[in-house]
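Student: After the sequence you'll find the predicted model.
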Amino acid sequence: MASNARTVDGTDQILARVKREARGLMPAATYRRLYETAARSRGGTFVEIGTFCGAATIALALGAKASGKPTLILTADLLRPGVGMGGGSSAEKIAGLERAFAAFGVGEMIRFVHGSSSELVAQAAPESVDLLLLDGGGRLERDLALLWSRLAAGCPIVIDDISGETHVRRGWRRAVVDQKHRISKLLADRFAEAGLLVRDGEVEGTGWFRKGRAELSPDEIRLLALPAYHALIKAEVGAGELGLGRSLLRSAARRAPRLAAAFRRIRPAR
């Protein structure tokens, strides 16, 4: 029987190292498609919102390097405490990112901006964006409104976390409802319906799009997002998203310390 599995090659091995050493949270297949998207590009200026620990940034840079086309990657992150690269201060986090970029030989292709998309535009002022990756916390309308006029015609746009799922992290006395994946999908669907985005596939919860032909002002893009936020008033949460079994085990582990090790073994990796 013929197999549809793709043979693992040297690029997969390098990207597996990127995912491991840069603490990447995306599936391996997503990093591979990021690499291939950059490798097929015409080079130019790439913009990424949401650097985290730099795995996706490095995957894009390695693909662009393989293309042989001159490429600059502008990447921005707020460097929130407790999120992303280790280090107590912003300077330590930035130094860690720079070390990660240098370790894979792509440091000279990347410029990091500490802040949001607004800070990136203010500091780097990209005139034409040839590839856009959005993974910055679910504010897609803000980033698209700000960058839309700068996106080249047909620009590839990659949006992470569009699975549409709602996740509940349960604690002893409270629960946190995380709807980032849901709002990202609602916004992506809304923008595709309006002709801002043209769908170009999806890899395990990350969507590939191209810039559409719609001509909307920044205010019109932001207003277009309102119905998506209204849809967040109520959320249906499935059993797999509720995490009830893990919550019960965590509660039992507090009463019986020997169960703590069992909980750690079954807790899913991020």
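Tutor: Here it is on my side, so go on. Numbers count the residues shown, from 1 in each chain.

Student: from what I can see Ala38 touches Leu131, true?
Tutor: Yes: if you go by CB atoms under 8 Å, Ala38 and Leu131 touch, sitting 6.8 Å apart. Bear in mind the C-beta positions are built from the backbone N, C-alpha and C, glycine included.

Student: so what sits against both of the two?
Tutor: 46, 60 (CB atoms under 8 Å, 6 or more residues apart in numbering).

Student: Would you check how far apart the closest residue to Thr11 other than its chain neighbours and Ala95 are?
Tutor: Nearest-residue entry for Thr11: Tyr35, 6.4 Å, with adjacent residues in sequence omitted and distances by CB to CB, 6 or more residues apart in numbering. According to CB to CB, to the nearest Å, Tyr35 stands 25 Å off from Ala95.

Student: what sits against the residue nearest to Thr11?
Tutor: Taking CB under 8 Å, 6+ apart, we find Tyr35 in contact with 11, 15, 59-60, 62-63, 66.

Student: Any chance of JSON lines for these, columns secondary structure and neighbour count?
Tutor: Output for the contacts of Tyr35, formatted as JSON lines (DSSP: H, G, I helix; E, B strand; the rest coil; neighbours: other CB atoms under 10 Å):
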{"residue": "Thr11", "secondary structure": "helix", "neighbour count": "17"}
{"residue": "Leu15", "secondary structure": "helix", "neighbour count": "23"}
{"residue": "Ala59", "secondary structure": "helix", "neighbour count": "30"}
{"residue": "Leu60", "secondary structure": "helix", "neighbour count": "28"}
{"residue": "Leu62", "secondary structure": "helix", "neighbour count": "23"}
{"residue": "Gly63", "secondary structure": "helix", "neighbour count": "25"}
{"residue": "Ala66", "secondary structure": "helix", "neighbour count": "14"}
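
Student: How many residues are close by Gly82?
Tutor: Gly82 is flanked by 5 other residues according to other CB atoms under 10 Å.

Student: all helices for the chain, in order.
Tutor: Remark: helices assigned in the chain by DSSP state H are 10-21, 28-39, 55-67, 90-103, 117-124, 140-147, 180-193, 218-224, 226-230, 239-242, 244-255, 258-266.

Student: I'd like to know which of those is closest to Ala76.
Tutor: Closest to Ala76 of the helices of the chain is helix 117-124 (CB to CB; 4.1 Å).

Student: helices and strands around the closest one, which ones?
Tutor: Secondary-structure packing of helix 117-124 (3 or more CB pairs under 8 Å, 6 or more residues apart in numbering; DSSP states H and E): strand 44-49, strand 71-77, strand 110-114, helix 140-147.

Student: That helix: which residues count as buried?
Tutor: Residues of helix 117-124 classed as buried: 117, 120-121, 124 (neighbour count, 16 or more other CB atoms under 10 Å).

Student: from those, which is closest to Val47?
Tutor: Closest approach to Val47 among the buried residues of helix 117-124 (CB to CB): Leu120, at 6.8 Å.

Student: OK, contacts around that closest one?
Tutor: Leu120 makes contact with 47, 49, 74, 76, 113, 126, according to CB under 8 Å, 6+ apart.

Student: Quick check: which ranges of the stretch 51-200 of the chain have low pLDDT?
Tutor: Within the stretch 51-200 of the chain, the stretches with pLDDT under 70 are 136-138.

Student: Can you tell me the closest non-neighbouring residue to Ser128?
Tutor: Ala152 (5.2 Å).

Student: what does Ala192 give?
Tutor: Nearest residue to Ala192 in three dimensions, chain neighbours excluded: Arg199, at 5.8 Å (CB to CB, 6+ apart).

Student: ok, now Ala225?
Tutor: Leaving aside its chain neighbours, Ala225 sits nearest to Glu141 (3.6 Å; criterion: CB to CB, 6+ apart).
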